[in-house]
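Engineer: sequence and predicted structure are below.
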Amino acid sequence: MGKTKLTPEEMSEKLDVIIASHKGEGQKAIMSTLQEAQGVYGYLPLPVQKKVAFALGVSVAEVYGVVSFYSFFTLKPKGDTVFNVCLGTACYVKGSQLLLEKIEENIGVSTGEVTTDGKFSISACRCVGACGLAPVILVNDDVYGRLTPDEIPGIIAKYKEA
Amino acid sequence: MEIFRAHVLVCCGTGCTSSNSPKIMDRFEELLPLHDLEKEIKVVKTGCFGLCAEGPIVVVYPEGVMYYRVSPDDVEEIVSEHLLKGRFVRRLMTLSSEIPSTERMSADDNNFFKKQLRIALRNCGIINPEKIEEYIARDGYQALGKILTEKTDPMAIIAMIKQSGLRGRGGGGFPTGNKWEFAAKVQNDVKYVCCNADEGDPGAFMDRSILEGDPHSVIEAMAIAGYCIGANQGYVYVRAEYPIAVERLKLAISQAREYGLIGTNIFDSGFDFDLDIRLGAGAFVCGEETALMRSIEGKRGNPTPRPPFPAVKGLFGKPTILNNVETFANIPVILNRGAEWFSAIGTEKSKGTKVFALGGKVNNVGLVEIPMGTTVREIVFDIGGGIPNGKAFKAVQTGGPSGGCIPAVLLDTPIDYDNLISVGSMMGSGGMIVMDEDTCMVDIAKFFLEFTVDESCGKCAPCRIGTKRMFELLTKITDGSGSLEDLKSLEGLATALKNGSLCALGQTAANPILSTMHHFRNEYLEHVVDKKCKCHVCKGLTQYYIEPDKCKKCSLCAKKCPVNCISGVIGKESFVIDASKCIKCGACMEACKFGAVVKK
């Protein structure tokens, strides 16, 4: 999920390179190929899954089975800015659920959804391992810790301006 | 060799990195030359010191002074005062939970470290994990080198591990030596060694810290395991959520290859062993051994029935051993220092130490390694520094979604595998979350069930349907429409799951409910009979109320109310909430400047 947006042609070229490097490796390369492909596209639309299946010599069903099993893989594109709230136990007992509700209220969509303009999406994750900073949210790759719900509007404003 | 008069160690674990420690490193590198100190003082990037709540942490040797919550702006003062003039920066030496003292000098005097014994974490926060030389300098690869050059009988090494009493640190507590022995005795040309670094337990981060702070200890141990069972290939299965750990492990593997410590013909012994990393993709069930192996094979991470056990038929159908990161980190030390040394630590059936990720409502959040047999009280109150804000302790949760809650009356339980099971919890991978009087235990049980519903792979019916039904019952109870009958149903389902599920995820999914029902039955009864949540966590059971004598009749609350259920007359009549219309959003409480809106 790079910062600069690639054109569809550039993405397709990159996918070809990834696929070529795994060609014929079969089932065991499904996960790593998909991980790399998602790194380019930001999600895994069906045409990409088909290409991966064909190159590895496995069925599309097999590939789709893997994509739908693991939460890291997504069939829908995410927003340009992703708010990710940690709902690990340490963050939860310190009130991260309230942070999530506040973000949903401020952005105007629910967890797992993207705003209509495609700018923001909200997701929840299970423990980023920064329990010392609980409760923690991640905005793209930036980590915000020891938060209270009052601080949420200020953080969101920063990304809305940018 | 260059000699430095002082070393500045900067923690670059995930916690401290998140709070800006790379900038602190840069600032030191920038300021030292300005004071002509770059040849006298060395800045070292290290792994986790463990005291994550007080990060970013900087330690200055030879004095061993530990600075807490350092910001890039503090670096100038540390350089000009401590490094240049030898005067400590006292204001950065006090934990936020304690009274400032002028006495304390080094980290060793700190209560957080006093009761700890670091074996698995021996190098974390001491060496630079990105330099193999630093690991070697601390006896790294010595154990591997010795067994390969002396061609020690693999069965003798396995006997030593068995004698040490080491048990799996990932949850099950299976004796490591026995596991290796099974795999060693199976005849097959191809065998595998796998390392489980899919630390999915929310609130547990010990494996990540070991990979970030001391990756070579895992590599060395995996090579030793390979030699013992006759495997030439290893896989480390790491969570994709741990980018720093993955980077450092990759670097460590390439360094070890370069030095000939893994690869072909290691130490001219004729033994080959190589390692690859496989990234997880966010599925908790992949922490289960058979599911993990299916995932490495590129399949959906569904567990498979055992037997056949992986030691007989595991990864790609070949004999495989799988150990957790922390288990592996213990291996080189056991070989270097002997089984007797190791088995002298701990309790009768649980030897050595255990690393816990202490988190939640406790002052010193962080990573602690204690000898088995240390009590829960010592961890929470001595090492953890007690509960913040003067609140009362309620429970400590161990074992994650498979574990349970330990109440205050059991605080003096000595921690080991068997004791934790007897109080209705389990060791798990080592998450330890402290809860205070404000934590609702029914809500916590629901929280864990929501997790298992999400993470159940769906292969077997008891887990797929049972977790969902239990979650629905708990939702009903926390919404205020539960009955005593529901409590009975929960217990019935719990038994069915335990007996009928295919893997440990389902078999233990009911533990959070059973243990909270057992130790905190009152709270369940309050929810079900009195329709009250004393902690005001469960929204369905909480009501907002305006205290008439505190109300200033300003109407701020009424203006904020999204459903217009607050009425009153400005300046004349105090405002009142119509509970039948209230949606419990809390906007009124936030709006009131006088604290007149309260939860009942």
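Structural biologist: Now that the structure is in, tell me what you want to look at.
Engineer: smallest gap between chain A and chain B, at which residue?
Structural biologist: A:Gly132 (2.6 Å; Cβ to the nearest Cβ). For glycine as for every other residue, the C-beta is placed from the backbone atoms N, C-alpha and C.
Engineer: which stretches in the stretch 451-600 of chain B count as strands?
Structural biologist: According to DSSP state E, counting those that start in this stretch, the stretch 451-600 of chain B carries its strands in the segments B:544-546, B:566-569, B:573-577, B:597-599.
Engineer: where in the stretch 101-250 of chain B is pLDDT low?
Structural biologist: B:101-109 (pLDDT under 70).
Engineer: for it, what spans make up the strands?
Structural biologist: Counting by DSSP E, counting those that start in this stretch, residue ranges of the strands within the stretch 101-250 of chain B are B:192-197, B:233-238.
Engineer: deepest of these, which one?
Structural biologist: Ranked by mean neighbour count, the strands of the stretch 101-250 of chain B are led by strand B:192-197 with a mean of 27 (mean count of other Cβ atoms under 10 Å in any protein chain shown).
Engineer: quick check: buried residues in stretch B:320-339?
Structural biologist: The neighbour-count check on stretch B:320-339 (16 or more other Cβ atoms under 10 Å in any protein chain shown) flags B:320-335, B:339 as buried.
Engineer: return the set of residues that bridge with the closest residue to B:Ala197 other than its chain neighbours.
Structural biologist: In this structure, B:Ala197 finds its nearest non-sequential neighbour in B:Val238, 4.3 Å apart by Cβ to Cβ, 6 or more residues apart in numbering or on different chains. Legend: beta-bridge partners of B:Val238 under DSSP bridges are B:Ala197, B:Leu279.
Engineer: report the helix or strand with the lowest average pLDDT across chain A.
Structural biologist: Least confident helix or strand, chain A: strand A:142-144 with a mean of 89, by mean pLDDT, DSSP states H and E.
Engineer: quick one: is that strand near chain B?
Structural biologist: Yes - applying Cβ under 8 Å from any Cβ of the partner chain, one finds strand A:142-144 in contact with chain B at A:Val143.
Engineer: tell me the secondary structure for B:Met427?
Structural biologist: coil (DSSP: H, G, I helix; E, B strand; the rest coil).
Engineer: now do the contacts for it.
Structural biologist: For B:Met427, the contacting residues are B:Arg169, B:Gly171, B:Gly173, B:Lys354, B:Thr398, B:Gly399, B:Ile415, B:Asp416, B:Tyr417, B:Leu420, by Cβ atoms under 8 Å, 6 or more residues apart in numbering or on different chains.
Engineer: if we use 10 Å, what do you get?
Structural biologist: B:167-173, B:350, B:354, B:356, B:372, B:398-399, B:402-403, B:415-421 (Cβ atoms under 10 Å, 6 or more residues apart in numbering or on different chains).
Engineer: same thing with B:Met432?
Structural biologist: Going by Cβ under 10 Å, 6+ apart, B:Met432 touches A:89-90, B:203-204, B:354-360, B:362, B:368, B:376, B:379-380, B:384, B:396-400, B:403, B:406, B:415, B:425.
Engineer: so which of the residues you listed are in strands?
Structural biologist: Those of the contacts of B:Met432 mapping onto strands are B:Lys354, B:Val355, B:Phe356, B:Ala357, B:Leu358, B:Gly359, B:Gly360, B:Val368, B:Val396, B:Gln397, B:Thr398, B:Ile406, per DSSP state E.
Engineer: quickly list what the fifth one is bridged to.
Structural biologist: To tie it back to what came earlier, the one meant is B:Leu358. Applying DSSP bridges, one finds that B:Leu358 bridges with B:Gly366, B:Met432.
Engineer: excluding chain neighbours, what is closest to the residue of the stretch 1-150 of chain B found nearest chain A?
Structural biologist: Ranked by Cβ to the nearest Cβ, the top residue of the stretch 1-150 of chain B for proximity to chain A is B:Cys52, at 2.6 Å. Excluding the flanking residues, the one nearest B:Cys52 by Cβ to Cβ, 6+ apart is A:Gly132, at 2.6 Å.
Engineer: how close does the spatially most distant residue from the centre of chain A sit to A:Ser32?
Structural biologist: Note on chain A: the largest C-alpha distance from the chain mean falls to A:Gly24, namely 27.7 Å (Cα atoms, centre = their mean). A:Gly24 is 14 Å from A:Ser32, where distance means Cβ to Cβ, to the nearest Å.
Engineer: any regions of chain A where pLDDT drops low?
Structural biologist: Per-residue confidence for chain A (pLDDT under 70) gives these ranges: A:1-4.
Engineer: the helices in it, which residues?
Structural biologist: Taking DSSP state H as the test, the helices found in chain A are A:8-22, A:30-41, A:46-56, A:60-69, A:89-93, A:96-107, A:152-161.
Engineer: quick one: distance of the fourth one to the chain centre.
Structural biologist: Spelled out, that is helix A:60-69. Mean C-alpha position of helix A:60-69 versus that of the full chain (Cα atoms, centre = their mean, to the nearest Å) differs by 17 Å.
Engineer: for the most centrally placed residue in chain A, give me its contacts.
Structural biologist: The residue lying closest to the centre of chain A (Cα atoms, centre = their mean) is A:Lys78, at 6.2 Å. Residues near A:Lys78 by Cβ under 10 Å, 6+ apart: A:Met1, A:Gly42, A:Tyr43, A:Asn84, A:Gly112, A:Val114, A:Gly118, A:Phe120, A:Ser121, A:Ile122, A:Ser123.
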